[in-house]
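Engineer: Please work out how this folds:
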Amino acid sequence: MTPDPFRLDDKAAIVTGAGRGLGRAMAVALGNAGADVVLVARRREDLTEACEAVAATGRRGFAVAGDVTDPEIAKHAVEVAERELGRLDILVNNAGLYHMQPIEETSVEDFRRVLEVNLIGSYLFAAAVGPVFKQQKSGKVVNVGSILGRVGVAGASAYCAAKAGVAGFTRSLAVEWAPFGVGVNAISPGLFNTDMSKVVFDTPEMYEGIMAGIPRGVHGEPGDLDGTIVYLCSSASDHMIGQVLHVDGGSSIA
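Structural biologist: Numbers count the residues shown, from 1 in each chain. This is a model prediction of the structure:
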């Protein structure tokens, strides 16, 4: 029988921001595809539940509690994968932080924090997995950006800047690591029903305005990324390098 190119049997993944929302859903999707997962998030209680959700797929989940902007957390996650799973094949940089405020009211500290979580965190985890991936000449990196890395939104300058940076980081790293057999790509979600988007769902005018620009006419649910994340982490996407896939109901083309 021909092997299923979308299966991830016995692969090992690290997923950041995996305690809830999109990160948790992607960790479970990887588990359903056959991968074991090291889940990284700040809140240990969220991680406990997320690890149980991965375990329900029949795969193993290990928790690493910490801030993705701490270089030691990235190194520790790699150590856990190698010690507990004996290998490391996949990195999903999903951890994110949203901030909405007029630019003149946005403090340097708030702007910097958004950049650090969304962009510097991705850099730190990529730098931590790099030696492993390059030595074994294989690996998959999926960075999670946003439609706001492509379009401007008033009051979201820090987040838009950070996610635009994620797209550029993805393309550059893809070129750098392609000779080593490592695939680097990104997912750019539109409006999804997660805690990060709570302000949108709680503000009818804002929600209706965004929905008016989505051709499909519905917002995303975390499970809508299942197929995309499995594809980008599997051998089915081996010839895809440095791409940003918009999963947004069509808002990026409207």
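Engineer: those helices in the stretch 101-250 of the chain, which residues are they?
Structural biologist: 108-115, 121-136, 157-177, 198-201, 204-211, 226-233 (DSSP state H, counting those that start in this stretch).
Engineer: So which of those helices is nearest L8?
Structural biologist: Among these, the nearest to L8 by C-beta to C-beta is helix 226-233 (6.1 Å). Placement of C-beta: from N, CA and C, glycine included.
Engineer: Could you check that closest one and say which residues are buried?
Structural biologist: Buried residues in helix 226-233, counted by 16 or more other C-beta atoms under 10 Å: 226, 228-233.
Engineer: Figure out which of the helices of the stretch 101-250 of the chain is closest to S146.
Structural biologist: It's helix 157-177; of the helices of the stretch 101-250 of the chain, that one is closest to S146 (C-beta to C-beta) at 4.1 Å.
Engineer: Show the backbone phi and psi for L91.
Structural biologist: Reported as degrees, to the nearest 10, the phi and psi values for L91 are phi -130, psi 130.
Engineer: Check which helices and strands the strand ranked longest in the chain sits against.
Structural biologist: Assignment by DSSP state E gives strand 182-189 as the longest strand of the chain. Judged by 3 or more C-beta pairs under 8 Å, 6 or more residues apart in numbering; DSSP states H and E, strand 182-189 is in contact with strand 139-144, helix 157-177, helix 226-233, strand 244-247.
Engineer: Just the CA atoms of that strand, as PDB, please.
Structural biologist: Output in PDB follows, covering the C-alpha atoms of strand 182-189 (Å, rounded to 0.1, in the frame of the first residue of the first chain):
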ATOM      1  CA  VAL A 182      13.600  21.700   6.300                       C
ATOM      2  CA  GLY A 183      10.300  23.100   5.200                       C
ATOM      3  CA  VAL A 184       9.200  26.400   6.600                       C
ATOM      4  CA  ASN A 185       5.800  27.900   5.900                       C
ATOM      5  CA  ALA A 186       3.100  29.900   7.600                       C
ATOM      6  CA  ILE A 187      -0.700  30.000   8.200                       C
ATOM      7  CA  SER A 188      -2.400  33.400   8.200                       C
ATOM      8  CA  PRO A 189      -5.800  33.000   9.900                       C
END
